[in-house]
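Novice: Everything below, folded, please.
(one chain, ligands or ions: 1)
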Amino acid sequence: MNHIGAALSGSESFDALESGSTSKSDVTAFSCHQMTLSRSISCVGIGLHSGASVRLTLKPAAPGTGIVFRRVDLEGAPEIPARWDHVVDTTMCSVIGNADGVTVGTVEHLMAAFAGCHIDNAIAEVDGPEVPVMDGSSQPFVFLIECAGVIEQDAPRRLIEILKPVRLEDGDKMAELVPSSTFTVGFEIDFDHHVISRQRIVVELVNGTFKKEIARARTFGFARDVEKLQAAGLARGGSFDNAVVIGEDCVLNQGGLRYDDEFVRHKVLDAVGDLYLAGATIKGDFMGVRAGHNINNRLLRALFADETAWRWVTLEEDEIAVRAEIEEEDMISKPASGSYSEVVEVSTQA
Ligand SMILES: [Zn+2]
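Specialist: Have a look, this model is predicted:
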């Protein structure tokens, strides 16, 4: 199957944002101001689970809006805030819904792109029940955001600071958030299949690391499970174009893998997207072991259930400057090691 069209069409500048702000396409800089898109932009793809064609339009939004999904195929174009307390299903992907039962599925790869590109405020319109899967990664959405351009807004960026460790365990699965001055997302997977087996990575999400090291990692699945999923009405749009398919002995996709450890990197991507449903960037470190959408969401629920575990903070200019200096020193002392040069292992908080 090769039926994914990524027709790009930009339109509509956002008048309210034009005064006093500068548009730029550098999505890697972490500003202390809130950010949105410079203009609207669209793409068309298919839904992974429905198999139906979906049009996605990303639009600028005012400061304080957050990320909001809008079902433009339904009367009144109902909106669903992209927030942890609106997550209604995590079986195969993260699905958000409103009180009327209107849902949007597979939001996590787009949410990861918003997080990785530091977009605070945006409207994501879809004309179907699912965000298009595109190539199974976040890269097409990063590309879309870069094509639209990003703009600083006249409002301070607020972060969710983790004040004490919050940990969720379920059998051999675990996810936790711990206080830290950094923004790292770590993951470990351990599959009883020699093509994947055990993989571990810790990534600090600054200076464009998401775009370079994580955004291109695709979702994956086992060939043996595809029939089962499709019989259950899921993954109807799944193909080699939008997922890494693992056979008995090897990856079945012609082009192979995009990263040697693409599987664990995709789990980081999913976690970044799921965590952005917190409603803001989390100032703290995340670690997941064999976790998935369900545990990621339960972790956020546990975090927000404990008022002493977190607080809102604004990021000050001088803090960004200090971080930039620290990172520069780190670069000098770190030996270059191919594609891993931007990936940092963080064992304790800085
Ligand atoms: Zn995913």
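
Novice: And the helices in the stretch 51-200 of the chain, which stretches?
Specialist: Applying DSSP state H, counting those that start in this stretch to the stretch 51-200 of the chain gives helices spanning 108-116, 139-148.

Novice: which non-adjacent residue is nearest the residue in the stretch 251-350 of the chain that the ion sits nearest to?
Specialist: Closest to the ion within the stretch 251-350 of the chain is residue 270: 4.1 Å, counting by C-beta to the ion. Glycine gets a C-beta too; all of them are placed from N, C-alpha and C. Leaving aside its chain neighbours, residue 270 sits nearest to residue 108 (5.4 Å; criterion: C-beta to C-beta, 6 or more residues apart in numbering).

Novice: so what's the backbone phi/psi at residue 275?
Specialist: Recorded main-chain torsions at residue 275 are phi -70, psi -30, according to degrees, to the nearest 10.

Novice: from memory it sits against residue 303, does it?
Specialist: No: between residue 275 and residue 303 there is no contact under C-beta atoms under 8 Å: 9.8 Å.

Novice: dump the residue contacts of the residue of the stretch 251-350 of the chain closest to the ion.
Specialist: Neighbour list for residue 270: 108-109, 112, 292-293, 296 [criterion: C-beta atoms under 8 Å, 6 or more residues apart in numbering].

Novice: okay, now the residue in the stretch 101-250 of the chain that the ion sits nearest to: neighbour count?
Specialist: In the stretch 101-250 of the chain, no residue comes nearer to the ion than residue 219, which is 4.2 Å away by C-beta to the ion. By the criterion of other C-beta atoms under 10 Å, residue 219 has 25 neighbours.

Novice: Not counting its neighbours along the chain, what's nearest it?
Specialist: For residue 219, the spatially nearest residue (C-beta to C-beta, 6+ apart) is residue 136, at 4.3 Å.

Novice: just residue 245 next, same as before
Specialist: Distance criterion C-beta to C-beta, 6+ apart; nearest residue to residue 245, sequence neighbours excluded, is residue 252 at 4.6 Å.

Novice: my guess is that neighbour contacts residue 243, does it?
Specialist: No: with contact defined as C-beta under 8 Å, residue 252 does not count as touching residue 243 (10.2 Å).

Novice: Neighbour count for these two, which is higher?
Specialist: Each of residue 252 and residue 243 has its neighbours counted (other C-beta under 10 Å); residue 243 has more, 22 against 15.

Novice: Can you give me the distance of the more buried one to residue 296?
Specialist: Applying C-beta to C-beta, to the nearest Å, the value for residue 243 to residue 296 is 20 Å.

Novice: Go ahead and name everything in contact with stretch 96-110.
Specialist: Here stretch 96-110 makes contact (C-beta under 8 Å, 6+ apart) with 47-49, 56, 69, 71, 74, 78-83, 86-89, 93-95, 124, 126, 129-131, 133-134, 136-138, 141, 219, 269-270, 273-274, 277, 293.

Novice: What's opposite residue 95 in the beta bridge?
Specialist: Note on residue 95: beta-bridge partners by DSSP bridges are residue 89.

Novice: re the thing from before, can I get the buried part of the contacts of stretch 96-110 as one ChimeraX selection?
Specialist: Of those, the buried ones go into a single ChimeraX selection, burial set by 16 or more other C-beta atoms under 10 Å:
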select :47,48,49,56,69,71,78,80,81,82,83,86,87,88,93,94,95,124,126,129,130,131,133,134,136,137,138,141,219,269,270,273,274,277,293
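
Novice: Could I get the contacting residues of the nearest residue to residue 130 once chain neighbours are set aside?
Specialist: Nearest non-adjacent residue to residue 130, counting by C-beta to C-beta, 6+ apart: residue 47, 3.5 Å away. By C-beta under 8 Å, 6+ apart, the contact list for residue 47 reads 54, 105-106, 128-133, 237.
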